[in-house]
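In: Predicted model and sequence below, questions to follow.
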Amino acid sequence: MTATVSPAGRVDKGRITALLLALVGLLDSAYLAYVKLANQLASCSGIGDCETVNSSRFSEIGGVPIALLGAAGYVLILASVAVDRPGGPWEDAGRYSFFGLTLIGTLYSLYLTYIEVFVLRAVCPFCVASAVVMIALFVLSIGRLRALGD
């Protein structure tokens, strides 16, 4: 519990929220990476068109599934939040990397959402969930970055 308690003894709810959201994003991306790599069907029938999205030319970069890159991004976000301990030696680095990673993730998620809606005309609910999680993490990162000045 010491990892989530500030030096003043207060529980760092923003940090806990960020860790939980990043874990949700990691699980979502890992599932989509598994679906892509194992050539399985995603379980989103009736609420989206995961197959069109997951089999499109936009689902990979250089043969590497986007979902796998997303999972790696969420691992890096988890690491950046893990080292961001109030008063700890890596607090500044953790917060700046958390902000940078989520900024990149948010911009790329917005690009992919554009591709889904306007190019593929198909929406994958798992992809939308990841985008929402990433945007929420980005908003949290701004608040945590602003708190460094306090």
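Out: Looks like it arrived, so ask away.
In: for this protein, what spans make up the strands?
Out: 60-61, 64-65 (DSSP state E).
In: Relative to Gly25, which of those is closest?
Out: strand 64-65 (15.3 Å; Cβ to Cβ). Bear in mind the C-beta positions are built from the backbone N, C-alpha and C, glycine included.
In: Check which helices and strands the helix or strand of the chain with the lowest mean pLDDT sits against.
Out: The element with the least model confidence among the helices and strands of the chain, by mean pLDDT, DSSP states H and E, is helix 50-54, at a mean of 91. For helix 50-54, the packing partners by 3 or more Cβ pairs under 8 Å, 6 or more residues apart in numbering; DSSP states H and E come out as helix 13-37, helix 125-147.
In: Switch those helices over to a markdown table; also include mean neighbour count.
Out: Shown next, in a markdown table, are the helices and strands packed on helix 50-54 (neighbours: other Cβ atoms under 10 Å):
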| stretch | mean neighbour count |
| --- | --- |
| helix 13-37 | 19 |
| helix 125-147 | 19 |
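In: Make a markdown table out of the ones you listed and add distance to Gly100.
Out: Below are these laid out as a markdown table (distance: least, Cβ to Cβ, whole Å):
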| stretch | distance to Gly100 |
| --- | --- |
| helix 13-37 | 14 |
| helix 125-147 | 8 |
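In: Those helices into CSV, with extra columns for mean pLDDT?
Out: Output for the helices and strands packed on helix 50-54, formatted as CSV (pLDDT from 0 to 100):
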stretch, mean pLDDT
helix 13-37, 96
helix 125-147, 95
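In: Which of those helices sits closest to Glu91?
Out: helix 125-147 (9.5 Å).
In: Can you list the helices and strands that that closest one packs against?
Out: Helix 125-147 packs on helix 13-37, helix 50-54, helix 91-114, going by 3+ Cβ pairs under 8 Å, 6+ apart.
In: Can you check which of those gets nearest to Ala122?
Out: helix 50-54 (3.7 Å).
In: quick one on the thing from earlier: nearest approach to Phe138 belongs to which of the helices and strands packed on helix 125-147?
Out: Of all the helices and strands packed on helix 125-147, helix 91-114 comes closest under Cβ to Cβ, at 4.0 Å.
In: in the closest one, what's buried?
Out: Within helix 91-114, the residues scored as buried using 16 or more other Cβ atoms under 10 Å are 91, 94-99, 101-102, 105-106, 108-109, 112-113.
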